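A.B. asks: Need coordinates for the below:
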Amino acid sequence: MKISIITLFPQMISGFFDESIIKRAQDKKLVEIEIINLRNFAVDDYGTVDDRPYGGGTGMVLRVDVIHKALSKITNNKLQMTNEIKNSKFKTKTVLTSAKGKVFNQEKAQEYSKLNHLIVIAGHYEDVDARVLDYVDEEVSLGDFVMTGGEIPASAIVDSVVRLIPGVLKKDEATMQESFNINNKKLLEYPQYTRPENFMGKKVPKILLSGDHKKIKDWRMKKAVEETRKKRPDLLDYIK
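C.D. replies: Okay, here's the model as predicted:
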């Protein structure tokens, strides 16, 4: 899989991908991550990539011609509108991080992990020129709040996607029993315990020491529902 990130601040995220699991995934050639500096496609020698919005208003807006050049460089050809290339057998998707986008979730991470090429545009400043959306498949957000830029959301998206690529984690089954995927149900993960068995009078539940895998499985499912009801009751609407 290849992931391309278009950003105004490549140093904000480059170090993030040079550590831990994502670095190992790159070393194992399971994913290729390229970081594209948007200023390389500036309209002048001053590195201009934005301009004032027509109609007035505060803030600056990223220019469509600059972003188009960056996208064209990544795809190595004249970029077409996304609806003209949706039938391509090569599975690729371009997303824009934006406070106006749909909230990113685990299902979307799983979808992206099956792509051949994921392109992420890190939004910045007031917004992007609306015509950029002609070249974007989706706008995605981390939640109902506004950030100073899209670098952190872009990094979070990449992290959540890369860990789902087969072979990245030491045990692929690690992604089969975790929050938002408990026995194929959208539940939060059950409580976990480790040593010491007794800490300041608080003991590990006896069922986990029993060795009875059927009872442990049932206990974990029950606790997953309880955790979800307590912390994210909205998720229970998905379970019928």
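A.B. asks: all strands of the protein, in order?
C.D. replies: 2-7, 32-37, 50-51, 61-62, 92-103, 117-122, 127-128, 138-141, 198-199, 202-203 (DSSP state E).
A.B. asks: Looking at these, which is nearest to residue 25?
C.D. replies: Nearest to residue 25 among the strands of the chain is strand 32-37; the distance by Cβ to Cβ comes to 8.7 Å. The C-beta positions use only the backbone N, C-alpha and C, and glycine is treated the same way.
A.B. asks: Return the set of buried residues in that closest one.
C.D. replies: Of all the residues in strand 32-37, those buried under the rule 16 or more other Cβ atoms under 10 Å are 33, 35-37.
A.B. asks: quick one, which of the strands of the chain is nearest to residue 22?
C.D. replies: strand 32-37 (7.5 Å).
A.B. asks: Which strands or helices does that closest one pack on?
C.D. replies: For strand 32-37, the helices and strands in contact under the criterion 3 or more Cβ pairs under 8 Å, 6 or more residues apart in numbering; DSSP states H and E are strand 2-7, helix 10-14, helix 20-27, helix 64-75.
A.B. asks: any idea how the chain splits into domains?
C.D. replies: Domain assignment of the chain by automatic domain parsing yields the ranges 2-162, 178-238.
A.B. asks: which one of those domains is the most hemmed in?
C.D. replies: Mean neighbour count, computed with mean count of other Cβ atoms under 10 Å, is highest for domain 2-162 among the domains of the chain, reaching a mean of 16.
A.B. asks: check contacts around residue 4.
C.D. replies: 33-34, 36, 74, 117-120 (Cβ atoms under 8 Å, 6 or more residues apart in numbering).
A.B. asks: Try it again at 7 Å.
C.D. replies: 34, 36, 74, 119 (Cβ atoms under 7 Å, 6 or more residues apart in numbering).
A.B. asks: same thing with residue 52?
C.D. replies: By Cβ under 7 Å, 6+ apart, the contact set of residue 52 is residue 60.
A.B. asks: Could you check how far it is from residue 30?
C.D. replies: 43 Å (Cβ to Cβ, to the nearest Å).
A.B. asks: Kindly report the same for residue 213.
C.D. replies: Counting by Cβ to Cβ, the gap from residue 213 to residue 30 is 31 Å.
A.B. asks: Which one of the strands of the chain lies nearest to residue 237?
C.D. replies: strand 92-103 (15.1 Å).
A.B. asks: Quickly run through the sheet partners of that closest one, with directions.
C.D. replies: With DSSP bridges as the test, strand 92-103 is paired with strand 117-122 (parallel), strand 138-141 (parallel).
A.B. asks: ok, now how distant is the most centrally placed residue in the chain from residue 127?
C.D. replies: With distances taken as Cα atoms, centre = their mean, residue 157 lies nearest the centre of the chain, 1.4 Å away. For residue 157, the distance to residue 127 (Cβ to Cβ) stands at 19 Å.
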